[in-house]
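**Q** Provide a 3D model corresponding to the input given below.
(one chain, ligands or ions: 1)
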Amino acid sequence: MTNNIIEFKHVSKVFEDTGTVVLKDINFELEEGKFYTLLGASGSGKSTILNLIAGFLDATTGDIILDGQRINDVPTNKRDVHTVFQSYALFPDKNVFDNVAFPLKIRKVSKEETEERVMEALKMVRLTGFENRRIQKLSGGQRQRVAIARAIVNQPRVVLLDEPLSALDLKLRTEMQYELRALQQRLGITFIFVTHDQEEALAMSDWIFVMNEGEIVQSGTPVDIYDEPINHFVATFIGESNIVHGRMIDDYLVEFNGKKFEAVDGGMKKNEPVEVVIRPEDLQLTLPDEGKFNVRVTTQVFRGVHYEILADDELNNEWMIHSTRKAIVGETIGLDFEPEDIHIMRFNETEEEFDARIEEYVEEDELEEGIAIGLEEEEENEQNA
Ligand SMILES: Nc1ncnc2c1ncn2[C@@H]1O[C@H](COP(=O)(O)OP(=O)(O)OP(=O)(O)O)[C@@H](O)[C@H]1O
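**A** Next up, the predicted model:
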């Protein structure tokens, strides 16, 4: 038995009327109790995945599995999932209590139990005391909480959230991010959250699926995806990146801007053309000629926590630097970085190819390290003898 709550096996979705292929061969396994995020631009197919899980749409091919059972033919109301829509879909003229109680009413739960469960759900979303308030008289953030209380009142195995925070202003949105994350952890229910906002995805998720044009381009923990984007699309979609073309000289040695630099990524071919990523926060300002190469500052903007500096190198590549130190437009400065700050990507590598390459070269590394440790031990033994 696995503890996967949801599995997609070769799921595709084609809208017959228009012939649009919206999802292409989607495969994933979701563990119970985690916070998952589907992240992608508008039209990438995120909502379609939620609609397939909820049963609002039928898959064209493939199996959708909930708690070990294939649910492709199970009607929506028999699936142990609840969706929170972007619009919240609340009854505006009903009060908070009745809105939250609605799923229990459909399931004919007794009055006493309904009362108990609604009050508990309202407590969870910090709306105790609002039972009799009409939806029309609530703020955006409060409406959001009612929708979430209604989603959890039935204690479903999975809660699906389709851009639930997009209608809120920035401050409230950030607050709700913390709240939702904390609530999910307290409840231990699997959340599948849809957003096009990469910061939101990084802040909230245990695991992110990055989507583009109906495919999962990369999946992983927020840290993995930020530090090790597998291709140009992910590197630019998540966070800000400096990306330049380079060439692999050897394992752990890359050339760009006409110079050779040590790097920690490996497993590429000698002389292979690659893309080199350095995040703006990993670049340090130095005096001219004291860094790895020189650049000339063209723009500087104060962003509160840091200055955002744009500067051109000798080959006219533009570099973005996030620095707490100020620079002067027009001045020449040096840029410094560590080998581990360089991330190297192959052109057009898929997630499977990336995973296979990493596995192979990590194994080779371990083997080499193992041999090195073995040699050291031998030496020690000889000395002790
Ligand atoms: N009923 C439909 N018939 C035809 N095409 C559709 C239908 N519903 C959605 N699509 C198309 O499917 C694609 C994916 O839509 P989906 O809503 O899953 O994307 P999304 O990533 O959630 O984007 P958004 O954030 O805009 O909702 C879009 O190109 C959309 O136009």
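**Q** ranges for the helices of this structure?
**A** Shown for the chain, the helices assigned by DSSP state H span residues 46-54, 96-106, 111-124, 140-152, 170-187, 198-204, 222-227, 232-237, 351-384.
**Q** for the stretch 101-250 of the chain, what lies in contact range of the ligand?
**A** His196 (CB under 6 Å from any ligand atom). Where C-beta positions appear, they are placed from N, C-alpha and C, glycine not excepted.
**Q** what is the burial count for the residue of the stretch 101-250 of the chain at minimum distance from the ligand?
**A** Closest residue of the stretch 101-250 of the chain to the ligand, CB to the nearest ligand atom: His196 (5.6 Å). Counted with other CB atoms under 10 Å, residues neighbouring His196 total 18.
**Q** ok now do it, which residues does it touch?
**A** Leu39, Gly40, Ala41, Ser42, Lys46, Glu163 (CB atoms under 8 Å, 6 or more residues apart in numbering).
**Q** top of those residues by neighbour count?
**A** For the contacts of His196, neighbours tallied by other CB under 10 Å; top is Leu39, 29 neighbours.
**Q** from the ligand, how far off is that one?
**A** 9 Å (CB to the nearest ligand atom, to the nearest Å).
**Q** quick check, pLDDT for the residue lying closest to that residue once chain neighbours are set aside.
**A** Excluding the flanking residues, the one nearest Leu39 by CB to CB, 6 or more residues apart in numbering is Ala201, at 4.3 Å. With respect to pLDDT, Ala201 scores 95.
**Q** got a list of what Ala201 touches?
**A** Contact partners of Ala201, counting by CB under 8 Å, 6+ apart, are Thr37, Leu39, Phe193, Thr195, Ile208, Pro222, Ile238.
**Q** can you tell me the closest non-neighbouring residue to the last one?
**A** Ranked by CB to CB, 6+ apart and with sequence neighbours excluded, the top spatial neighbour of Ile238 is Gln198, at 4.9 Å.
**Q** was I right about that neighbour contacting Thr236?
**A** No: applying CB atoms under 8 Å as the test, Gln198 and Thr236 come out as separate, 10.2 Å apart.
**Q** more neighbours: which of the two?
**A** When Gln198 and Thr236 are compared for neighbours, Gln198 comes out ahead with 20 against 13, by other CB under 10 Å.
**Q** list the contacts of that one.
**A** Per CB under 8 Å, 6+ apart, neighbours of Gln198: Leu39, Phe237, Ile238, Gly239.
**Q** ranking the residues you listed by neighbours, who comes first?
**A** Neighbour max across the contacts of Gln198 (other CB under 10 Å) = Leu39, 29 neighbours.
**Q** can you pull out the strands in the stretch 251-385 of the chain?
**A** Secondary structure of the stretch 251-385 of the chain by DSSP state E, counting those that start in this stretch: the strands cover 253-256, 259-262, 273-278, 284-286, 293-302, 307-313, 318-323, 332-336, 343-346.
**Q** can you list contacts of the second one?
**A** When you say that, I think you mean strand 259-262. For strand 259-262, the surrounding residues in contact (CB under 8 Å, 6+ apart) are Ile249, Tyr252, Leu253, Val254, Glu255, Lys292, Phe293, Pro339, Ile342.
**Q** mind running it again at 7 Å?
**A** By CB atoms under 7 Å, 6 or more residues apart in numbering, the surrounding residues in contact with strand 259-262 are Ile249, Tyr252, Leu253, Val254, Lys292, Phe293, Pro339, Ile342.
**Q** how distant is that strand from the center of its chain?
**A** Relative to its parent chain, strand 259-262 has a centroid offset of 31 Å by CA atoms, centre = their mean, to the nearest Å.
**Q** partners of it in the sheet?
**A** Sheet pairing of strand 259-262 (DSSP bridges) gives strand 253-256 (antiparallel).
**Q** from the chain's centre, how far out does the strand it pairs with sit?
**A** Averaging C-alpha coordinates over strand 253-256 and over its chain gives two centres that are 29 Å apart (CA atoms, centre = their mean).
**Q** buried set for it?
**A** Val254, Phe256 (16 or more other CB atoms under 10 Å).
**Q** count of neighbours near the closest residue in space to Leu283 that isn't next to it in sequence?
**A** In space, and not counting its chain neighbours, Leu283 is closest to Ile321: 4.5 Å by CB to CB, 6+ apart. Counted with other CB under 10 Å, the neighbours of Ile321 add up to 26.
**Q** which residues touch Thr48?
**A** If you count contacts by CB under 7 Å, 6+ apart, then Thr48 has Lys13, Val22, Leu23, Leu57 around it.
**Q** filter those down to just the ones in strands.
**A** Using DSSP state E, the subset of the contacts of Thr48 located in strands is Lys13, Val22, Leu23.
**Q** which one of those residues has the most neighbours?
**A** Leu23 (26 neighbours).
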